[in-house]
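Participant: show me the folded form of this:
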Amino acid sequence: MKIEQIYTGCLAQGAYYIESNGEVAIIDPLREVQQYIDKAAADDAKIKYIFETHFHADFVSGHVTLSEKTGATIVYGPTAKTNFNSLIAKDHQVFQLGDITITALHTPGHTMESTCYLLKDNQGKDHAIFSGDTLFLGDVGRPDLAQKGNITETDLAGFLFDSLRHKVMTLEDDVIVYPAHGAGSACGKNLSKETVGTIGNQKKTNYALRADMSKADFVKEVTDGLLPPPAYFPLNVKLNKEGYTDIESVIETSIKPLKVEEFESVANETGAVILDVRHQTEFINGFIPQSIFIGIDGGFAPWVGALIKDIKQPIVLVSKEGREEEVITRLSRVGFDNVLGFLEGGFNTWQKSGKEVDTLLSISAEELSDKINNNVPVFDVRKPGEYASEHIKVAESTPLDFLNDYVSSFPKKETFYIHCAGGYRSVIAASILKARGFHNVVDVAGGYGAIKKTTIERTAAVCPSTLK
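Facilitator: Residues are numbered from 1 along each chain as shown. Next comes the predicted model:
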């Protein structure tokens, strides 16, 4: 038996490759599926099953393409309905895979079809549970994404409590837990950085699995402090239910080099977002006016999904040469398939053409320290929890996730300063504000990490409201 976790950091997502005696199961695959096909070929094995723990909201799964390419059966849990051929498992249905078995355990709560998969070894002993978004390390799945009809987030949280108590916590302490996500995912609140654990450890450390916790306490704690989900979540669920274009076709259509004049024409005629994915220091020093920065080397895909509201939005790319296909692939992971091309030769060709170039003013934390005494406006674009932990005393919380809701907070003429934790998110925010005419915005380089090294007065506070 072989179990391999295939973890994708920018999505904080874990897919799983399981092989036994020449047969393979894939759990929650990414949209680009060749990696799984290659692994099976290297093991001289055949992919038999594709198990989906639920209809994912934060990424487009590769289940449809992988099934088309391999003939493997797509398996969902009870109550799931799809627009493609799939096997809807019964609760406790057993699937033979080589010398081992995988049992579907229906665990509604995160979503109604949510299902964990229990792997038993060749001796019939419970070995591991693939817990999807039902159980994370340190947390459980948020219960507010699948509200429908008369079903509320409180109802879902109650279902989740029952699922955990009756289907998961009854397992032996040595059963390995393989979750669908780790820290950084918006599918939970307090996910651990660890990506593999055990049932026993989770019983000891996970706040939601406390033995003395009542259902009412559980519902209150798991629903408290939930931030609104990113706008792209329901759009990804729709793709995962109904199907999507093969990612290879998306790449072939999108990886289109555009010369400067053509790039400008396409952007103007289609209303495309000019998405600059270089490093923030490069963007600060020069960028195409009206372009939006979301760097490929940060939390790229989730930020695109959170800030560009429509997955059908036309996009043209400014990227480092040679990384265009990577960018297109990562956009497609969250359903953004409408890339119309990229600037051939990158930003340098724009500069050489003599076209207008914009820049972003950025100062050091030490310079901000000097200005703070003059009561300059400062805005903190970190998440509410980060702000609550500690912040500049005079700073106002305007989380990047909900920047649109705070536009009226920013001065129209007076110079103002924004920062995040390290400098990535503040440049995203500044680029959006500049595109909206706020040319009086100044970035604080190094963010809060640099600010803590200065004498700027800081304080902790009650977590602010997420929305105004």
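Participant: domains in this protein, by residue range?
Facilitator: Domain segmentation of the chain under automatic domain parsing yields 2-234, 245-352, 362-459.
Participant: what is the end-to-end distance of the last one?
Facilitator: The separation between the terminal residues of domain 362-459, taken as Cα to Cα, to the nearest Å, is 24 Å.
Participant: ok, back up a step: adding mean pLDDT and mean neighbour count, write the domains of the chain out as TSV.
Facilitator: Where C-beta positions appear, they are placed from N, C-alpha and C, glycine not excepted. Formatted as TSV, the domains of the chain follow (pLDDT from 0 to 100; neighbours: other Cβ atoms under 10 Å):
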stretch	mean pLDDT	mean neighbour count
domain 2-234	96	19
domain 245-352	97	19
domain 362-459	95	18
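Participant: for the closest residue to residue 83 other than its chain neighbours, give me its contacts.
Facilitator: Nearest residue to residue 83 in three dimensions, chain neighbours excluded: residue 242, at 4.4 Å (Cβ to Cβ, 6 or more residues apart in numbering). Residues near residue 242 by Cβ atoms under 8 Å, 6 or more residues apart in numbering: 82, 83, 84.
Participant: which SS class is the last one?
Facilitator: Meaning residue 84. The local conformation at residue 84, judged by DSSP: H, G, I helix; E, B strand; the rest coil, is coil.
Participant: kindly export stretch 154-161 (C-alpha atoms) in PDB.
Facilitator: Only the C-alpha atoms of stretch 154-161 are listed here, as PDB (Å, rounded to 0.1, in the frame of the first residue of the first chain):
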ATOM      1  CA  THR A 154     -26.700  26.900  12.500                       C
ATOM      2  CA  ASP A 155     -28.400  23.700  11.100                       C
ATOM      3  CA  LEU A 156     -25.200  22.800   9.200                       C
ATOM      4  CA  ALA A 157     -23.100  23.400  12.300                       C
ATOM      5  CA  GLY A 158     -25.400  21.000  14.200                       C
ATOM      6  CA  PHE A 159     -25.100  18.400  11.500                       C
ATOM      7  CA  LEU A 160     -21.300  18.800  11.600                       C
ATOM      8  CA  PHE A 161     -21.300  18.200  15.400                       C
END
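Participant: who touches that stretch?
Facilitator: Residues contacting stretch 154-161 (Cβ under 8 Å, 6+ apart): 107-112, 134, 140-141, 143-144, 146-147, 215, 218-219, 222-223.
Participant: try stretch 28-37
Facilitator: In contact with stretch 28-37 (Cβ under 8 Å, 6+ apart) are residues 6, 8, 11, 13-17, 24, 26, 47, 50-53, 56, 59-63, 65-66, 69-70, 130, 132, 180, 244, 247, 329, 332-333.
Participant: in strands only, show me those residues.
Facilitator: Those of the contacts of stretch 28-37 mapping onto strands are 6, 8, 13-17, 24, 26, 47, 50-51, 130, 132, per DSSP state E.
Participant: now the helices: where do they sit in the stretch 151-300 of the chain?
Facilitator: 153-163, 199-205, 215-223, 233-242, 247-254, 260-270, 280-285, 300-307 (DSSP state H, counting those that start in this stretch).
Participant: compare these and report which one is nearest to residue 337.
Facilitator: helix 247-254 (4.8 Å; Cβ to Cβ).
Participant: which strands or helices does the closest one pack on?
Facilitator: Here helix 247-254 touches helix 324-333, strand 339-343, going by 3 or more Cβ pairs under 8 Å, 6 or more residues apart in numbering; DSSP states H and E.
Participant: what's the distance between residue 65 and residue 88?
Facilitator: According to Cβ to Cβ, to the nearest Å, residue 65 and residue 88 sit 20 Å apart.
Participant: who are the neighbours in contact with residue 418?
Facilitator: 378-381, 398, 426, 429-430, 433, 441-444.
Participant: again, but for residue 383
Facilitator: Residues near residue 383 by Cβ under 8 Å, 6+ apart: 227, 399, 401.
Participant: rerun at 6 Å
Facilitator: Residues near residue 383 by Cβ atoms under 6 Å, 6 or more residues apart in numbering: residue 399.
Participant: go on, residue 76?
Facilitator: So residue 76 contacts 52, 86, 88 (Cβ under 6 Å, 6+ apart).
Participant: rerun at 8 Å
Facilitator: By Cβ under 8 Å, 6+ apart, the contact set of residue 76 is 52, 54, 55, 82, 86, 87, 88, 89, 113, 115.
Participant: between those, which sits nearest residue 199?
Facilitator: Closest to residue 199, out of all of these and judged by Cβ to Cβ, is residue 115, at 17.2 Å.
Participant: please report how far the closest one lies from residue 108.
Facilitator: Relative to residue 108, and taking Cβ to Cβ, residue 115 is found at 9 Å.
Participant: and the nearest residue to residue 297 once chain neighbours are set aside, how close does it get to residue 298?
Facilitator: Closest residue in space to residue 297, ignoring its immediate chain neighbours: residue 279 at 6.4 Å, by Cβ to Cβ, 6+ apart. Using Cβ to Cβ, residue 279 is found at 9 Å from residue 298.
Participant: could you do residue 205 as well?
Facilitator: Relative to residue 298, and taking Cβ to Cβ, residue 205 is found at 29 Å.
Participant: equivalent analysis for residue 247, please.
Facilitator: 22 Å.
Participant: residue 399 against residue 384, yeah?
Facilitator: Yes: the criterion here is Cβ atoms under 8 Å, and residue 399 meets it with residue 384 at 5.8 Å.
Participant: ok, now which ones touch residue 54?
Facilitator: Counting by Cβ under 8 Å, 6+ apart, residue 54 has contacts 76, 77, 110, 111, 113, 114, 115, 132, 133.
Participant: quick one, phi/psi of the third one?
Facilitator: To tie it back to what came earlier, the one meant is residue 110. Per-residue torsions, residue 110: phi -60, psi -50 (degrees, to the nearest 10).
Participant: my guess is it contacts residue 133, does it?
Facilitator: Yes: judged on Cβ under 8 Å, residue 110 makes contact with residue 133 at a distance of 4.4 Å.
Participant: can you list residues touching both of the two?
Facilitator: 54, 141, 142, 187.
Participant: for those, which two are the farthest from each other?
Facilitator: 54 and 142 (12.0 Å).
Participant: give me the common contacts of these two.
Facilitator: Residues touching both residue 54 and residue 142 (Cβ under 8 Å, 6+ apart): 110, 133.
Participant: coming back round to it: redo the helices and strands packed on helix 247-254 as TSV? Include distance to residue 356.
Facilitator: Formatted as TSV, the helices and strands packed on helix 247-254 follow (distance: least, Cβ to Cβ, whole Å):
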stretch	distance to residue 356
helix 324-333	23
strand 339-343	14
